[in-house]
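[1] based on what follows, work out the 3D shape:
(one chain, ligands or ions: 1)
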Amino acid sequence: MVREFAEKEIAPIAQELDDKEEFSYNLTKRMGELGLFGLFVHEEYGGGNLGYIFYIIAVEEIARIDGSQAATLAAANSLGIAPIYYYGNEEQKQAWLPDLCKGKTLASFGLTEPNAGSDAGASRTTGVLEGDHWIINGSKIFITNSTTDMSKVCVVQAVTGKREDGRNELSCILVPNSTPGFTTETMHGKMVWRASDTGELHFTDCKVPKENLLGRRGDGFHQMLATLDGGRLSIAAMGLGGAQGAFELALKYAKQREQFGRRIGAFQVNAFKLADMATEIEMARLLLYKACWLCEKNRAFSKEAAMSKMFCSEMYHRVANQAVQLYGGYGLMKENAVERHYRNQKLLDIGEGTSEIQRIVIARHIGVPGKAL
Ligand SMILES: Cc1cc2nc3c(=O)[nH]c(=O)nc-3n(C[C@H](O)[C@H](O)[C@H](O)COP(=O)(O)OP(=O)(O)OC[C@H]3O[C@@H](n4cnc5c(N)ncnc54)[C@H](O)[C@@H]3O)c2cc1C
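    Numbers count the residues shown, from 1 in each chain. So this is what the prediction gives:
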């Protein structure tokens, strides 16, 4: 169903949306109608109750056609819905999840700040409890799904005090987009995911009820790390699906294009490239599905999530590069979707923890010693 939707409804307009840097309300609404938001959320909150593998395959299929729409879907689920679903109290879940799961509204995840990227614990945004309210001041950058007309709430990580060990206490607070003092600015000029929404957020004496705290005070860093573990599976799915899409285009082209009187795929060097691409995609799929399986079984999956994210992203990089190579000059033209794959893959090496950060996470898990980690 998702493949058919992506081929019939996304593919024909993906490049135009990319050119115009246009977020598509219609496609987002359609993904909602197809039940793609909240696939892993229990039915009582309006979700599909289907588990993580179904969700990941949905992202993979959308990414096979277009990275921007996959980004909207993956961020909405893994960064918007997931923290509310896993850490929200009953009232918060009832208040936000039904509309988020229908795809009527979007939630965003406000972690990254101008000075706190990879070092996400270095947040400077503050949340001060005054009476019955949190007063939030600060800013966030690069926040997906945060500035559309459908964007209704942001999960904001803020410094809410000092811990006993002298480090900052971090908490997550739900801040509705309609709150006075909360302003957003859409970021334009991205090389990647041009039809997905990315925003800069500013909080100036932004006042929200103390009940908007997500989970327990001081749990923000832990919630953020766990949210990113899940998010990494969806980024990996974008790498896998994108690579599959680029590979299929390259294979088709290699069977059609003739030079020196032969189809270019018949030259052994190109046939071997295609064989390598197919093999890498298969390896990536097995690694990612194993990580999803561990996640579904409630077993530890941080290491496998980091491995999948890193491997699928870097594999997409290699596959998209070879796909463009097989297309020759035509691969550099926007009329061919491989050009979009070539650009979109780059985000995956950077978002939700760069490849360097994934290697740090993996090195920690396998017990590599050293302060640099
Ligand atoms: C389109 C887009 C959408 C995004 N969506 C969201 C979102 O919804 N929510 C959100 O919170 N954030 C979001 N982000 C932010 C993203 O997660 C950050 O860009 C990413 O974590 C990297 O942070 P940075 O850009 O500040 O790079 P930096 O952290 O400044 O990194 C710069 C370079 O230094 C390297 N580096 C940093 N520290 C180390 C180290 N210890 N060891 C070795 N190398 C290191 C990095 O790997 C990188 O190569 C988004 C970003 C983009 C571009």
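[2] next structured bit after the helix or strand hosting residue 11?
    Per DSSP states H and E: residue 11 is located in helix 11-20. Next helix or strand after helix 11-20 toward the C-terminus (DSSP H and E): helix 25-33.
[3] alpha carbons only: can I get the helix or strand that that next one is followed by in PDB?
    Counting by DSSP H and E, the next helix or strand C-terminal to helix 25-33 is helix 52-65. What follows is helix 52-65, C-alpha atoms only, in PDB (Å, rounded to 0.1, in the frame of the first residue of the first chain):
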ATOM      1  CA  TYR A  52       8.400  -0.900  14.800                       C
ATOM      2  CA  ILE A  53       9.200  -3.100  11.800                       C
ATOM      3  CA  PHE A  54       5.900  -2.000  10.100                       C
ATOM      4  CA  TYR A  55       6.800   1.600  10.700                       C
ATOM      5  CA  ILE A  56      10.300   1.300   9.500                       C
ATOM      6  CA  ILE A  57       9.200  -0.400   6.300                       C
ATOM      7  CA  ALA A  58       6.800   2.400   5.700                       C
ATOM      8  CA  VAL A  59       9.600   5.000   6.000                       C
ATOM      9  CA  GLU A  60      11.800   2.800   3.700                       C
ATOM     10  CA  GLU A  61       9.100   2.700   1.000                       C
ATOM     11  CA  ILE A  62       8.600   6.500   1.100                       C
ATOM     12  CA  ALA A  63      12.300   7.200   1.100                       C
ATOM     13  CA  ARG A  64      12.700   4.900  -2.000                       C
ATOM     14  CA  ILE A  65      10.800   7.600  -3.800                       C
END
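[4] what helices and strands are in contact with helix 52-65?
    Applying 3 or more CB pairs under 8 Å, 6 or more residues apart in numbering; DSSP states H and E, we find helix 52-65 packed against helix 2-5, helix 67-74, helix 220-256, helix 268-296. Any C-beta I mention is one placed from the backbone N, CA and C, and that applies to glycine too.
[5] so how far is the last one from its chain's centroid?
    Centre-to-centre, helix 268-296 and its host chain are 20 Å apart (CA atoms, centre = their mean, to the nearest Å).
[6] what mean pLDDT does whichever helix or strand comes after it get?
    Downstream of helix 268-296, the next assigned helix or strand under DSSP H and E is helix 302-327. For helix 302-327, mean pLDDT is 98.
[7] near the ligand, which residues of the stretch 1-150 of the chain are found?
    75, 79, 108, 109, 110, 111, 112, 117, 118, 142, 143, 144 (CB under 6 Å from any ligand atom).
[8] please verify my assumption that residue 10 contacts residue 67.
    No: in terms of CB atoms under 8 Å, residue 10 does not count as a neighbour of residue 67; the distance is 10.6 Å.
[9] okay, the two: which has more neighbours?
    Counted by other CB atoms under 10 Å, residue 10 and residue 67 do not tie: residue 67 has more neighbours, with 32 against 23.
[10] number of nearby residues for whichever residue of the stretch 101-250 of the chain sits closest to the ligand?
    Across the stretch 101-250 of the chain, the shortest distance to the ligand (CB to the nearest ligand atom) belongs to residue 117, at 1.8 Å. Look at residue 117: counted by other CB under 10 Å, it has 16 neighbours.
[11] coming back round to it: need the CA coordinates for the helix holding residue 11. CSV is fine.
    The C-alpha coordinates for helix 11-20 follow below in CSV (Å, rounded to 0.1, in the frame of the first residue of the first chain):
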residue,chain,number,x,y,z
ALA,A,11,6.8,10.5,-7.4
PRO,A,12,5.0,12.7,-9.9
ILE,A,13,5.3,15.9,-7.8
ALA,A,14,8.5,15.2,-5.7
GLN,A,15,10.9,17.2,-7.9
GLU,A,16,8.5,20.1,-8.2
LEU,A,17,8.1,20.3,-4.4
ASP,A,18,11.9,20.0,-4.0
ASP,A,19,12.4,22.9,-6.5
LYS,A,20,10.0,25.1,-4.8
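[12] buried stuff in it?
    Neighbour-count burial for helix 11-20, counted by 16 or more other CB atoms under 10 Å, picks out 13, 14, 15, 17, 18.
[13] now the angle from it to helix 25-33?
    130 degrees (axes from the mean of the first three to the mean of the last three CA atoms, to 10 degrees).
[14] for the stretch 101-250 of the chain, which spans come out with low pLDDT?
    Low-confidence segments of the stretch 101-250 of the chain (pLDDT under 70): none present.
[15] now do the strands in it.
    106-110, 126-130, 133-144, 151-162, 168-176, 182-186, 198-209, 213-214 (DSSP state E, counting those that start in this stretch).
[16] in the sheet, which strands lie alongside the last one, parallel or antiparallel?
    It stands for strand 213-214. Strand 213-214 sits in its sheet next to strand 168-176 (antiparallel), going by DSSP bridges.
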